[in-house]
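Q: coords please:
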Amino acid sequence: MATKVIETIKVTLDDGKEIECKPLKIKFLREFMAKIADLQGVVDDNAKSLDVIIDCSEIALRQYLKSEEYSKDELEDLLDLPTMYRIIEGASGIVLDDDSPNL
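A: You can find the predicted model right below:
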């Protein structure tokens, strides 16, 4: 039985839109988990790691912003790295930060 209370994480995009990040539904979680697994293979390449993080953020944003879609270029303008980390944390519970042993 789960004992951890899931909290939503509020994030504000650079365009001023505020979103609530909460655990992904299975539909999005499957795709998200497949993509974040790619991070292990590119951990030594900053550009490729960043691409994986952007892709994971985009998958999560599809759930949070159902009626809006952003291209990868638009996401690069709307998001900074700390914001993407918070989106990923809210979506999956995976904490990415500078102190993470996985990075």
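
Q: quick one, longest helix in the chain?
A: Using DSSP state H to define each element, the chain has its longest helix at helix 46-64.

Q: And that one, what does it pack against?
A: Contacts defined by 3 or more CB pairs under 8 Å, 6 or more residues apart in numbering; DSSP states H and E place helix 46-64 against strand 18-21, helix 26-36, helix 72-78, helix 81-92. Heads up, the C-betas are built off the backbone N, CA and C, glycines and all.

Q: in that helix, what's buried?
A: By neighbour count on 16 or more other CB atoms under 10 Å, the buried set for helix 46-64 is 49, 51-64.

Q: most neighbours per residue, which of the helices and strands packed on helix 46-64?
A: Mean neighbour count (mean count of other CB atoms under 10 Å) peaks for helix 81-92 among the helices and strands packed on helix 46-64, with a mean of 19.

Q: what angle do it and helix 46-64 make?
A: Interaxial angle, helix 81-92 versus helix 46-64 (axes from the mean of the first three to the mean of the last three CA atoms, to 10 degrees): 50 degrees.
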